[in-house]
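Asks: this one's sequence-less:
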């Protein structure tokens, strides 16, 4: 099996380099790659790379993820999140390859409290959400064999993430406010990569598993409770914080306006994924704790 990975140095791409390597020959590209084009914004270059390499599986871990910036940088967000997946789907179909692609909870409007299922009506609130949905639809309509994974609140020990930001701010400030009315599941890049590898291996033998899946860690939390969990872990680990215990302030989304609207309900139902691939997803706390222990060397 020859696997082409795009976006190798992003949070998810970095973990995919590890998880995909045992499956076969892995060719990993990013913006700095010299031999073949790994830049999603270069549509012709990406198409030529696929034509030259003739992979069996293409895993696209690259995306435009600057949610607020996308509100004004519409052309770039559309190019990378919508047009590039269209090109990838066409090129993958031409070389009879599987296409693995990641999407987001932002394709939903965040209404209600029930966890979203794969077949629920989409209604994105932001440019980012609309471009990611367009990418999904282009892949589905192309007829290419695909695995689409919607996920949410992604983090990793490598790079920046919400937990690291909370720790830094709690070390610098005596007051800190966090939104308490947005709900979802923090999901580690490590978990995404491991489930992706399992799904590809399964799909290699069972083509009927092709389709769209929700992939997040088990359980749910709010940004406020997520932050509180991280800060309590830090205190228990002996990390000195300027923010006193029990002084973290909960605020509603309306008190923290952003250029792009965020969905209040980012819960994703993972029953289809767990049933199809016969797996159990760990709790969000398990992954977050592992990440915190890794970055603090505990």
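Replies: Received the coordinates, thanks. Here the structure is a predicted model, which is why all the values come from computation and not from measurement.

Asks: can you give me the helices in this structure?
Replies: 11-20, 43-53, 74-78, 84-94, 127-142, 162-172, 189-205, 223-236, 271-277, 284-296 (DSSP state H).

Asks: Need those helices in CSV (columns: mean neighbour count and distance to residue 243).
Replies: In short, each C-beta sits where N, CA and C put it, glycine included. Formatted as CSV, these follow (neighbours: other CB atoms under 10 Å; distance: least, CB to CB, whole Å):
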stretch, mean neighbour count, distance to residue 243
helix 11-20, 22, 26
helix 43-53, 16, 45
helix 74-78, 16, 35
helix 84-94, 22, 41
helix 127-142, 22, 30
helix 162-172, 17, 4
helix 189-205, 20, 27
helix 223-236, 19, 7
helix 271-277, 15, 37
helix 284-296, 17, 16
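
Asks: Could you dump those helices into CSV with mean pLDDT and distance to residue 253 added?
Replies: Converted to CSV, the helices of the chain look like this (pLDDT from 0 to 100; distance: least, CB to CB, whole Å):
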stretch, mean pLDDT, distance to residue 253
helix 11-20, 95, 24
helix 43-53, 90, 36
helix 74-78, 96, 22
helix 84-94, 94, 29
helix 127-142, 97, 16
helix 162-172, 91, 15
helix 189-205, 96, 26
helix 223-236, 93, 9
helix 271-277, 97, 28
helix 284-296, 89, 20
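
Asks: Redo those as TSV? Include distance to residue 114.
Replies: Shown next, in TSV, are the helices of the chain (distance: least, CB to CB, whole Å):
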stretch	distance to residue 114
helix 11-20	27
helix 43-53	38
helix 74-78	29
helix 84-94	28
helix 127-142	19
helix 162-172	24
helix 189-205	23
helix 223-236	19
helix 271-277	12
helix 284-296	18
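
Asks: out of these, nearest to residue 214?
Replies: Nearest to residue 214, of all the helices of the chain, is helix 271-277, at 6.2 Å by CB to CB.

Asks: still on that earlier bit, to residue 248, which of the helices of the chain lies closest?
Replies: helix 223-236 (5.7 Å).

Asks: orientation of that closest one relative to helix 284-296 in degrees?
Replies: In terms of direction (axes from the mean of the first three to the mean of the last three CA atoms, to 10 degrees), helix 223-236 departs from helix 284-296 by 50 degrees.

Asks: Remind me what helix 223-236 packs against, helices and strands.
Replies: If you count contacts as 3 or more CB pairs under 8 Å, 6 or more residues apart in numbering; DSSP states H and E, helix 223-236 packs onto helix 162-172, strand 177-179, helix 284-296.

Asks: Residue 76 is nearest to which of these?
Replies: That would be helix 162-172 among the helices and strands packed on helix 223-236, by CB to CB, at 23.9 Å.

Asks: Endpoint to endpoint, stretch 146-163 covers what distance?
Replies: 32 Å (CA to CA, to the nearest Å).

Asks: As a quick check, tell me the outermost residue of this protein.
Replies: residue 244 (32.3 Å; CA atoms, centre = their mean).

Asks: ok, it - contacts?
Replies: residue 174 (CB atoms under 8 Å, 6 or more residues apart in numbering).

Asks: Would you mind measuring from it to residue 83?
Replies: 49 Å (CB to CB, to the nearest Å).

Asks: coming back round to it: show me the one of the helices of the chain that comes nearest residue 178.
Replies: Nearest to residue 178, of the helices of the chain and by CB to CB, is helix 223-236 at 4.5 Å.

Asks: which residues make contact with that closest one from outside it?
Replies: Applying CB under 8 Å, 6+ apart, the set of residues contacting helix 223-236 is 153, 162-163, 166-167, 170, 176, 178-180, 182, 186, 221, 241, 243, 245, 248, 250, 285, 288-289, 292, 296.

Asks: ditto for stretch 196-207
Replies: Against stretch 196-207 from outside (CB under 8 Å, 6+ apart): 1, 3, 16, 19-20, 22-23, 57, 59, 98, 100, 145, 147, 149, 209-210, 213, 277, 279.
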